[in-house]
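Enquirer: What follows is a protein structure lacking sequence information:
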């Protein structure tokens, strides 16, 4: 099986040791986020205040996400979102795809939560993550081969998932 690890993350981890990448620029954040999504093999969990159209609406991300269930029958994309109204308009391509692939993609609305640090994160395949402390800023960290941090983020995600509800904004058909 060929590795689908993001190349610029893989290059920094050739020794199989985790190495954190600090991200300070918006364009770098979007590029690394898209690369991580494109190289996903099985599971993707996204915890966010709002979906970023520059990430989820990108044509290569859409193409990769559509192919993911064909590569793995156990593939799963779970999204916990705090505010979804804007996503229906700003991320229309992704939302339409999510509706068509509802057996693979599930979006839920976060219940009332206290401030959580980091405020946005994504984990992929139980080993890669990208997270940022503030949803309005693009300062973030990313790492491949950091199963401990990913496990911690996944446990937090699962706790919130259990308290969340299906999001009617994202389930409603566009007319």
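Expert: Ah, there it is. Because the structure is predicted, anything quoted here is derived from the model rather than measured. Numbering: from 1, shown residues only.
Enquirer: gap between residue 150 and residue 158?
Expert: Using CB to CB, to the nearest Å, we find residue 150 at a distance of 12 Å from residue 158. Bear in mind the C-beta positions are built from the backbone N, C-alpha and C, glycine included.
Enquirer: Then residue 42?
Expert: For residue 42, the distance to residue 158 - CB to CB - is 16 Å.
Enquirer: Also residue 88?
Expert: 26 Å.
Enquirer: Check residue 63 too.
Expert: As for residue 63, its distance to residue 158 is 28 Å (criterion: CB to CB).
Enquirer: Also residue 48?
Expert: Distance of residue 48 to residue 158, given as CB to CB: 16 Å.
Enquirer: Pick out whichever of the two has more residues nearby.
Expert: Remark: of residue 48 and residue 158, residue 48 carries more neighbours, 21 against 12, as counted by other CB atoms under 10 Å.
Enquirer: There's contact between the more buried one and residue 82 in this structure, I believe.
Expert: Yes. At 7.2 Å, residue 48 and residue 82 qualify as touching, with contact defined as CB atoms under 8 Å.
Enquirer: just the helices in this protein please.
Expert: 7-10, 26-38, 53-56, 59-71, 85-90, 92-100, 147-163, 168-171 (DSSP state H).
Enquirer: isn't residue 97 right up against residue 65?
Expert: Yes. Using CB under 8 Å, residue 97 is in contact with residue 65, at 6.7 Å.
Enquirer: Residues in contact with both of these two, list them for me.
Expert: Shared contacts of residue 97 and residue 65, defined by CB atoms under 8 Å, 6 or more residues apart in numbering, comprise residue 105.
Enquirer: What distance do you get for residue 73 to residue 103?
Expert: Distance of residue 73 to residue 103, given as CB to CB: 10 Å.
Enquirer: overlap in contacts of those two?
Expert: In terms of CB under 8 Å, 6+ apart, residue 73 and residue 103 are not both contacted by any residue.
Enquirer: which residues does residue 123 contact?
Expert: 43, 44, 45, 129, 150, 153, 154, 157.
Enquirer: Tell me how far the first one lies from residue 68.
Expert: Okay, so that is residue 43. Relative to residue 68, residue 43 is positioned 10 Å away (CB to CB).
Enquirer: low-confidence ranges in this protein?
Expert: 1-17, 113-118, 171-175 (pLDDT under 70).
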